[in-house]
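A.B. asks: Everything below, folded, please.
(one chain, ligands or ions: 1)
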Amino acid sequence: MNKITFPHMGDYYIPINYLLENITKSIVIVPPPITKKTIELGSKYSPDYVCMPFKYNLGNFIEALENGANVILQAGGGCRYGYYAELQEQILKDLGYKFEFVNFIENNHVSIFNIYNYAKSLNKKLNIISFSYYALNTAIMIIIMDKLSKYPRENLGFEKEKNSFLNTKRQFQEELKMKKHTPLSLVRLFLKYKRKYKSLPINKPKNCLKIGLVGELYSIMEPNSSNNIELKLASLGIEVHRFTTLTYLLFQKKHRLKKLLKKGKKYLKYHLGADATESVVLSMELAEKHYDGIVHIKSFGCTPELNAMSILEKISTDYEIPIIYFSFDSGTSDVGIETRIEAFYDMILQKKKD
Ligand code: SF4
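C.D. replies: Next up, the predicted model:
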C-alpha cells in the first residue's frame with residue numbers, strides 16, 4: 001500500500017493533501033508540523049553548505065518516514081532547490097529507509113504531466129477530466145487561502161480580542177480540510193470568511209506603521225523557518241504586507257518577470273534567480289509608496305537573495321527607506337530576532353515622528 005508524503009510549506013499542505021488524496025486514491029501522510037526536532041534532524045544529516053529549505057525538507061521526510069510513509073514526493077525549482085531531490089534521496093537511503101522517491105521536477109520546474117502520469121499509475125480510474133477537476137479545486141483553494149491571509153496580516157496587530165484572527169483562521173482551515181469541495185462551495189467559503197475577518201473588532205490608528213516583507217520564498221511562506229517573524233512584527237502594532245504567495249509563484253510569476261526587469265532596470269540587468277528580482281523591485285515599489293520600512297528575510301545560504309542584498313542597500317540610501325535583514329538557520333534564536341525587531345521598530349517610529 002502506497003503511503004505518500006511531501007514537504008511542508010506553511011499551510012499549503014491542506015490543498016496539496018486534498019489533491020494527492022483525490023488523484024492518487026492512496027493514503028497521504030502529512031509530515032508533523034515543523035518543530036525544533038524537525039530542524040535538528042534535517043540539519044544533522046544535511047551537508048553544511050546547502051540552504052535551509054533542504055534541511056527542513058529532509059527533517060519533514062525523516063519524520064514522515066518514521067510515521068509510516070513509503071513514497072516521497074518532491075517538487076519545486078527555480079533555483080538550486082531544483083537539484084536537491086537526488087541528494088535528499090541518497091541521504092535517506094544511506095540512513096537505511098526503504099521508500100520510493102518521486103521527483104516531479106523537469107528542467108528545474110515542476111511538470112504537471114509528470115504529476116498526472118504518476119497519479120494515473122496509482123489510480124487507473126483517473127482521467128484527464130477528473131484530474132483537471134481536482135487540480136482546479138486545488139488551485140482555487142490556494143488562491144482563497146492567499147486572498148484570505150492578506151487582511152489578517154495587515155490587521156492582526158490591532159485586534160481588540162486576543163487571538164480573534166488566529167481562531168478565525170483555524171475555523172477556516174478546519175472547513176477547508178473537511179468539506180467535499182466544489183468550485184462553488186469554495187467560493188462560498190471564501191466569501192463567508194472574508195466577511196468574518198472584516199467583522200472582527202480592531203483598534204487601528206489611521207497613521208500606523210506599515211512595513212513590507214520581502215525576500216526568499218520559503219522563509220516567507222513557512223513561518224516556522226523564520227521564527228514567525230510576521231507575528232512578531234504584528235504584535236508591535238505594525239501593518240504587515242507581503243507579496244510572495246503560492247498563487248504568485250504558480251500563476252503570476254512567469255508573466256511578471258519581464259515587467260519586473262524593466263521596472264528595476266536602474267538596479268538590475270539580469271534576473272537574479274529565485275525571488276531575488278522581486279525583492280529588489282518590490283523594495284523600490286514599497287519605497288515609492290512611502291512604507292515606513294522594509295524587512296528582508298532569507299534562509300542561511302541563499303545565494304540569490306545574497307545578491308539582492310547589496311542592491312537593497314543602494315535602494316535604502318537612494319529612497320531613504322530603512323531596511324533590516326534577517327538570515328535564518330537552525331541556530332537562530334527568538335530572543336535575537338525580537339531584540340532586533342524592537343530596535344528597528346523604535347527607529348522607524350522615530351523617523352515617522354520626525
Ligand atoms: S531561494 Fe534560496 S534558500 Fe530558497 S531554495 Fe533557492 S537557493 Fe535555497
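
A.B. asks: Where do the strands of the chain begin and end?
C.D. replies: For the chain, the strands defined by DSSP state E occupy 3-5, 27-28, 71-74, 100-103, 105-106, 109-110, 209-215, 238-242, 293-299, 323-328.

A.B. asks: quick one: which of the ones you listed is nearest the ligand?
C.D. replies: strand 293-299 (3.9 Å; CB to the nearest ligand atom). Yep, even glycine has a C-beta here, placed from its N, CA and C like the rest.

A.B. asks: do the closest one and the ligand meet?
C.D. replies: Yes - Strand 293-299 is in contact with the ligand by CB under 6 Å from any ligand atom, via residue 299.

A.B. asks: quick one, that strand and strand 209-215 angle?
C.D. replies: 30 degrees (axes from the mean of the first three to the mean of the last three CA atoms, to 10 degrees).

A.B. asks: Dump the strands of the chain to TSV, plus mean neighbour count and mean pLDDT.
C.D. replies: Putting the strands of the chain into TSV (neighbours: other CB atoms under 10 Å; pLDDT from 0 to 100) gives the following:
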stretch	mean neighbour count	mean pLDDT
strand 3-5	21	97
strand 27-28	19	97
strand 71-74	22	94
strand 100-103	16	92
strand 105-106	16	76
strand 109-110	16	74
strand 209-215	25	97
strand 238-242	22	97
strand 293-299	25	97
strand 323-328	20	96
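
A.B. asks: Residue 353: which of those is closest?
C.D. replies: Nearest to residue 353 among those is strand 209-215 (10.7 Å), distances taken as CB to CB.

A.B. asks: Check the offset of the helix or strand of the chain with the lowest mean pLDDT from the chain's centre.
C.D. replies: Lowest on mean pLDDT, DSSP states H and E among the helices and strands of the chain sits strand 109-110, with a mean of 74. Counting by CA atoms, centre = their mean, to the nearest Å, strand 109-110 is centred 17 Å from the centre of its parent chain.

A.B. asks: Listing partners with orientation, what would you give for it?
C.D. replies: Note on strand 109-110: by DSSP bridges, its sheet partners are strand 105-106 (antiparallel).

A.B. asks: Quick one: residues in contact with the strand it pairs with.
C.D. replies: 74, 75, 76, 77, 82, 85, 111, 114 (CB atoms under 8 Å, 6 or more residues apart in numbering).

A.B. asks: Which of these are buried? Put it as a PyMOL command.
C.D. replies: Burial among the contacts of strand 105-106 is assessed by 16 or more other CB atoms under 10 Å; the matching PyMOL selection reads:
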select buried, resi 74+75+76+77+82+85+111
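
A.B. asks: Just name the closest of the contacts of strand 105-106 to the ligand, please.
C.D. replies: residue 76 (7.5 Å).

A.B. asks: Could you tell me the phi and psi values at that closest one?
C.D. replies: Residue 76 adopts backbone torsions of phi 140, psi 170, taken as degrees, to the nearest 10.

A.B. asks: Which strands or helices does the longest helix anywhere in the chain pack on?
C.D. replies: Counting residues, the longest helix found in the chain (DSSP state H) is helix 128-155. Packing partners of helix 128-155 (3 or more CB pairs under 8 Å, 6 or more residues apart in numbering; DSSP states H and E): helix 13-24, helix 112-122, helix 164-178, helix 183-199, strand 238-242, helix 246-247.

A.B. asks: Could you see whether the ligand lies near the least confident helix or strand of the chain?
C.D. replies: No - using CB under 6 Å from any ligand atom, strand 109-110 stays clear of the ligand, with a minimum separation of 13.2 Å.

A.B. asks: OK, contacts around residue 92?
C.D. replies: Applying CB under 8 Å, 6+ apart, the residues near residue 92 are 58, 61, 62, 65, 72, 99, 101.

A.B. asks: For it, give its distance to residue 65.
C.D. replies: 7 Å (CB to CB, to the nearest Å).

A.B. asks: what do you get for residue 162?
C.D. replies: 38 Å.

A.B. asks: Settle it for me: which of the two has more neighbours?
C.D. replies: Remark: of residue 162 and residue 65, residue 65 carries more neighbours, 20 against 8, as counted by other CB atoms under 10 Å.
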